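Trainee: Can you look at this prediction? I've put the sequence above it.
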Number of protein chains: 4
Amino acid sequence: MTLSLHQAQTIVSGALEFADKNKMKPVSIIVLDARGVLKAAAAQDGTSLRRSDIATGKAHGSVALGMGSRALFKRAKEQAFFIAAATSAIGGSLVPVPGGVLIRDGAGAILGAVGISGCTSENDEAAAMAGIAKAGLVSDPGAD
Amino acid sequence: MTLSLHQAQTIVSGALEFADKNKMKPVSIIVLDARGVLKAAAAQDGTSLRRSDIATGKAHGSVALGMGSRALFKRAKEQAFFIAAATSAIGGSLVPVPGGVLIRDGAGAILGAVGISGCTSENDEAAAMAGIAKAGLVSDPGAD
Amino acid sequence: MTLSLHQAQTIVSGALEFADKNKMKPVSIIVLDARGVLKAAAAQDGTSLRRSDIATGKAHGSVALGMGSRALFKRAKEQAFFIAAATSAIGGSLVPVPGGVLIRDGAGAILGAVGISGCTSENDEAAAMAGIAKAGLVSDPGAD
Amino acid sequence: MTLSLHQAQTIVSGALEFADKNKMKPVSIIVLDARGVLKAAAAQDGTSLRRSDIATGKAHGSVALGMGSRALFKRAKEQAFFIAAATSAIGGSLVPVPGGVLIRDGAGAILGAVGISGCTSENDEAAAMAGIAKAGLVSDPGAD
C-alpha cells in the first residue's frame, strides 16, 4: 500500500481542523510518503520564515529512522551525540521533538510521516494524529 | 498583500483539475509565497522520486530572480553559464524550464510562485496558470 | 508593511552611534527583512574574519523561528539538542545568544531582524535595540 | 591600506545616487573587503528574493580570483567549464557577468570588491564604478 494524494490531503485537512478547533498557533504541516517525498503540505497564515523546515525535519527524521519523533526526542535526551551524528549523516533534516508521526497501515507498514511545527510540541503531535485518524490510518508518534 | 493558505490551496486544486482534465502525466505542484516559503503542495500518485525537487526549483528560481521560469529558460539557452552560476549562488534550487510561474496581484506585486513538474514543460506551465486563474490572481510565466 | 531601505539604514546608523557612544568593541551589524533577505549591513573596522556570519546567524535565526535570539538562548540552555537540530534543519545559520532582535511594527507584525556581533552579547543586543528605536520601530529581543 | 567602513559606506551611497539618477531598476549592492568579508550593503526596495546573492557572487568571484567580473565573463564565454569548476572549488559564490568591480588603492593593491545586481549588467557595473569613484578609490571592472 502506498500513501495516495487523497489520503495525504485528508491528513492535511484533518490536522488543519484540529488546529483551528483548538485555537493552536499557526502551524506548518508536511506529509511525506514512505520514500521521504513531499506528498502534501499546508502552512497557515502567520507561520515564521523557516517553520516548514522544522516540520519537514520532524517528518523526515521519523521516516529516516523508522520511528515517530517522540522516540527521537527520548533518544536525544539520553544520547544527544547520537542524534546529532544521525542528523548529519542523513543530510541535516531531523528534528527530535514530538510532532513527527509515522503513518502506518492496518498491518503496520510505514506509509510515510506527518510533521507539524508552530505550536507546542504536544499540540503539533495531536494535530498530526487527528489528521491521520481522519484518513483512517494508524498513527505512530514514537514511545517516550 | 500576502498569499493566503486559502489562495495557495485554490491554486493547487485548480492545477490538479487542469492536469486531470488534460490527462497529463502525474505532476508535483509546489506553491511558494514571496519569501520563498512552501505554502501548499501536492504530488499526484505516480510521480518519480525527486519530482518535487524539480517543481520546487522552478518555483524557487522564479521567486529568487523575480521572473517566471520561461524567462530563465530563454536566458539559459543564450547564456548557460549565467544560469549555472546563479543556481549555485542562490543555493542550488533553480530549474530553468517553463513551469515556474510568478503569482502577482492586480497591482503587479509578486505574491509567490507556482512550480509544476512531471508532464511536458508546456503542460506544466499551463496547469500552473490554470491554478493561478482559479484563485483570481495574475500569472507571469516569463517571456520567451 | 515592508521594511524599507531607509528604515534599515536608520537602524544601522543608530546601532553604530550606540556602539561608538558606549565604546563597544568593533561590531558587525546585519539587517534582514521579513524574507530573511539582507537589507543593510555595516562591519566596523577591526571586526574578525567571520564576525558577519555570527551576526547573520543571530538575525536569521530570529526571523526563521519568529523569536528574538534571547529566546533561542534560553531554549539552547534548556534543550541544546533542539537548537542544534533546528540550526541544521534551516540550513546552518542560527546563533542562539542575545543580539538577534526582531523588528516589529506597531501592530506586532515581524518586519525583519537585526543581528549584531563583536562585543558582549548584552551590548550587541542593546545596540540593535537602539537602532530599531531610532527608526521608530519596535524591538523584540526574545524572553529569557 | 584596508578598506574602512567609512569608505565602504561612501561606495554604497555613491552607487545608490547613480542608480537613482539613472532610474535604474532596484538593485542590491554588496561591498566586500580584501578578505571577502561583508563590509557594507544596501538593497533597494523592490529587489527580488535572492538578488543579494547574485550581487555577492559578482563581488566574491572578483575578490576570489583577483579580477573584475567582466574578466570572468570573458573567460566564461571562452571556457565555461573553467568558470563552473572554479565556482564549485571556491564554494559556490561566483557570478561571471559584469557588475563585480575590484576596489584598488592608488598603488594598485586590492582593497575589496563591489557587486551590484538588479538592472542591466552594464548599469550595475557603472553604478559600482560611480560608488568607488565617490570614495576616491580606483575601479577595476576587468577586461573584456
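Mentor: Yes, it's here.
Trainee: Packing partners of the longest strand seen in chain A?
Mentor: Of all the segments of type strand in chain A, defined by DSSP state E, the longest one is strand A:110-117. Here strand A:110-117 touches helix A:5-21, strand A:28-33, helix A:51-65, strand A:100-104, helix A:121-134, going by 3 or more C-beta pairs under 8 Å, 6 or more residues apart in numbering or on different chains; DSSP states H and E. Quick note: C-beta positions are derived from backbone N, CA and C, even for glycine.
Trainee: List the contacts of the shortest one.
Mentor: By that I understand strand A:100-104. Residues from elsewhere that reach strand A:100-104, judged by C-beta atoms under 8 Å, 6 or more residues apart in numbering or on different chains: A:3, A:11, A:31, A:57-63, A:66-70, A:72, A:110-115, A:125, A:128-129, A:132, A:135, A:137-142.
Trainee: Help me confirm that residue A:69 comes into contact with residue A:55.
Mentor: No - under the criterion of C-beta atoms under 8 Å, residue A:69 makes no contact with residue A:55, lying 10.5 Å away.
Trainee: Looking at the two, which one has more neighbours?
Mentor: Of the pair residue A:69 and residue A:55, residue A:69 is the one with more neighbours under other C-beta atoms under 10 Å in any protein chain shown, namely 33 against 30.
Trainee: could you redo the helices and strands packed on strand A:110-117 as CSV and give each row mean pLDDT and distance to residue D:23?
Mentor: Formatted as CSV, the helices and strands packed on strand A:110-117 follow (pLDDT from 0 to 100; distance: least, C-beta to C-beta, whole Å):
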stretch, mean pLDDT, distance to residue D:23
helix A:5-21, 98, 46
strand A:28-33, 98, 40
helix A:51-65, 98, 38
strand A:100-104, 98, 51
helix A:121-134, 98, 49
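Trainee: What's the local residue count around residue A:20?
Mentor: For residue A:20, using other C-beta under 10 Å, the count is 11.
Trainee: circling back to that earlier point, could you give the angle of the longest strand of chain A to helix C:51-65?
Mentor: Interaxial angle of strand A:110-117 relative to helix C:51-65 (axes from the mean of the first three to the mean of the last three C-alpha atoms, to 10 degrees): 100 degrees.
Trainee: in its sheet, what does strand A:110-117 sit against?
Mentor: strand A:28-33 (antiparallel), strand A:100-104 (antiparallel) (DSSP bridges).
Trainee: any common contacting residues for residue A:69 and residue A:55?
Mentor: A:99, A:115.
Trainee: now the closest residue in space to residue A:57 that isn't next to it in sequence: how far from residue A:70?
Mentor: Once flanking residues are discounted, residue A:57 sits nearest to residue A:95: 3.3 Å by C-beta to C-beta, 6 or more residues apart in numbering or on different chains. When C-beta to C-beta, to the nearest Å is the yardstick, residue A:95 and residue A:70 sit 12 Å from each other.
Trainee: Settle it for me: which of these two has more neighbours?
Mentor: Each of residue A:95 and residue A:70 has its neighbours counted (other C-beta under 10 Å); residue A:95 has more, 34 against 24.
Trainee: check which helix or strand covers whichever residue of chain A sits closest to chain C.
Mentor: For chain A and chain C, the shortest gap (C-beta to the nearest C-beta) falls at residue A:48, measuring 3.0 Å. Assigned by DSSP states H and E, residue A:48 falls within no helix or strand.
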